[in-house]
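*Asks:* need a 3D model of the following:
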Amino acid sequence: MPLGGKGPVLVAVLWAENFISAIFIGLRLYTRTRIISRIGWDDYTLIATWLLVLGYGVTSTVSAAAGMGQHSRDLTTEMFAKSMFFILLAEAFGALAIGVGKVAVALFLMRIVVSKWHKGILWFCIATMMALSALLVIGIWVQCTPTRSLWDPRLAAERVCHLDFISLAKVFCGWAAAMDFFLALLPWIILWKINMKRKEKITVCISLSLGVIAGVCGVIRTSNLDVLARTPDFHYTATDNFIWTATEITLTIVCVCIPSLRPLWVRLRGGSSSGGYQEQTGPRSKSGNSFGLQYLQSERGCTYTREVSHGEGMGETDTESSKGILTHSAAIQHVQEVKVVFEDRQSNASTGNGIVA
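*Replies:* Residues are numbered from 1 along each chain as shown. Okay, the predicted model is just below:
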């Protein structure tokens, strides 16, 4: 049957946000594989998040085609049952997507933090978020028996519920919203103590602060749970919560992708993704970067020391003791010392210019 009520809005919003998420994740993966040449667990976790969002969109669309978004009184028993079954499936996909999305943000921050207690807090966030996500998914299907009575109104008289699912959902949604706020504010605390460019700090902090908006979406979704528990028109009323859930997940994906796109932005502007040094055909360092030396000028000679810190969302940064932002280790990975010796032009032609690495 054609979409009705709020169904068209639900489907349009979900697939638009799914497309936005795919674009940002695709750009991030392109940057990490083609420009930075380094991919981590946070990238794989983001891919898993998007696959769950895709499942959320598909099941929500099928539910909308069966009657979600319309008033319950306008649905036949078969439409009600089919729609409700796919609503439950979509809720399971949504719960996992929210949890895995928060894990992606925490793993992203793992690249930045240097203190053990910071890492301990992030692991606590990961463990609690995934535990609550798993409990909610299990709770969806075991809250009442027989299980079929959850979506088939013809078995309503036989339904026996063993779990206060609304209370569990409140705990999950409230904790997810709290994680949004915490993970958005944490970078402002930890990055300000790290020796890196101020511009890069602000870029990371502001982009992750979008998580505050995701937290607001979570608060709104949580506040609507009591209404959903009491409403006799669930198919129509639940539509708004599905939209808020999709928006929260999308904002989480966007805010964790933006900092990693800076090398791509620099390249599009015509800059170099390797700290401004263009790749040459000469000898290469162990990291795969070659350092062009022809611009170095001296009458006699010089020693040029370059500390290379591979900043995985920021490109390489040359500082006296740069801590590479968004890398697996905050320490400088290697130091390349290049000695350039220039002979006088009057010297023996066979001597030429010597380069000692």
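
*Asks:* buried ones in the helix or strand containing Thr128, by neighbour count?
*Replies:* Using DSSP states H and E, Thr128 sits within helix 116-142. Buried residues in helix 116-142, counted by 16 or more other C-beta atoms under 10 Å: His118, Ile121, Leu122, Cys125, Ile126, Met129, Leu132, Ser133, Leu136, Val137, Gly139, Ile140. For every residue, glycine as well, the C-beta is placed using N, CA and C.

*Asks:* what mean pLDDT would you report for the longest helix along the chain?
*Replies:* Scanning the chain for the longest helix, with DSSP state H as the assignment, gives helix 77-110. What helix 77-110 shows for mean pLDDT is 93.

*Asks:* same check, this time on stretch 168-185
*Replies:* For stretch 168-185, the mean pLDDT works out to 91.

*Asks:* who touches the closest residue in space to Pro232 that isn't next to it in sequence in this structure?
*Replies:* Distances taken as C-beta to C-beta, 6 or more residues apart in numbering put Ser72 closest to Pro232, at 6.9 Å, once the chain neighbours are dropped. The contact partners of Ser72, by C-beta atoms under 8 Å, 6 or more residues apart in numbering, come to Phe80, Pro232, Asp233, Phe234, His235, Tyr236.

*Asks:* what of Leu185?
*Replies:* Going by C-beta under 8 Å, 6+ apart, the list of residues near Leu185 reads Ser209, Val212.

*Asks:* buried sites along the helix or strand encompassing it?
*Replies:* Taking DSSP H and E as the definition, one finds Leu185 inside helix 165-190. Residues of helix 165-190 classed as buried: 165, 168-170, 172-177, 179-184, 186-187 (neighbour count, 16+ other C-beta under 10 Å).

*Asks:* report the angle between it and helix 116-142.
*Replies:* Angle of helix 165-190 versus helix 116-142, following axes from the mean of the first three to the mean of the last three C-alpha atoms, to 10 degrees, is 160 degrees.

*Asks:* next one: stretch 94-101 to chain centre, how far?
*Replies:* Remark: stretch 94-101 is offset 11 Å from the chain centroid, using C-alpha atoms, centre = their mean, to the nearest Å.

*Asks:* what does that stretch rub up against?
*Replies:* Outside stretch 94-101, the residues touching it (C-beta under 8 Å, 6+ apart) are 45-46, 48-49, 52-53, 55-56, 129-130, 132-134, 136-137, 140, 172, 176, 242, 245-246, 248-249, 252-253, 256.

*Asks:* before we move on, back to that, for the helix holding Thr128, what is the average pLDDT?
*Replies:* Helix 116-142 carries an average pLDDT of 93.

*Asks:* beyond that helix, next helix or strand please.
*Replies:* Per DSSP H and E, the first helix or strand lying C-terminal to helix 116-142 is strand 144-145.

*Asks:* ok, that following strand: who's next to it in the sheet?
*Replies:* Strand pairing for strand 144-145, using DSSP bridges, gives strand 160-161 (antiparallel).

*Asks:* contacts for the partner strand?
*Replies:* Gln143, Cys144, Thr145.

*Asks:* quick check: mean pLDDT across that strand?
*Replies:* According to the model, strand 160-161 has a mean pLDDT of 91.

*Asks:* and for stretch 21-38?
*Replies:* Computed over stretch 21-38, the mean pLDDT rounds to 89.

*Asks:* okay, how far is it across it, tip to tip?
*Replies:* Chord length of stretch 21-38, first to last residue, is 21 Å (C-alpha to C-alpha, to the nearest Å).
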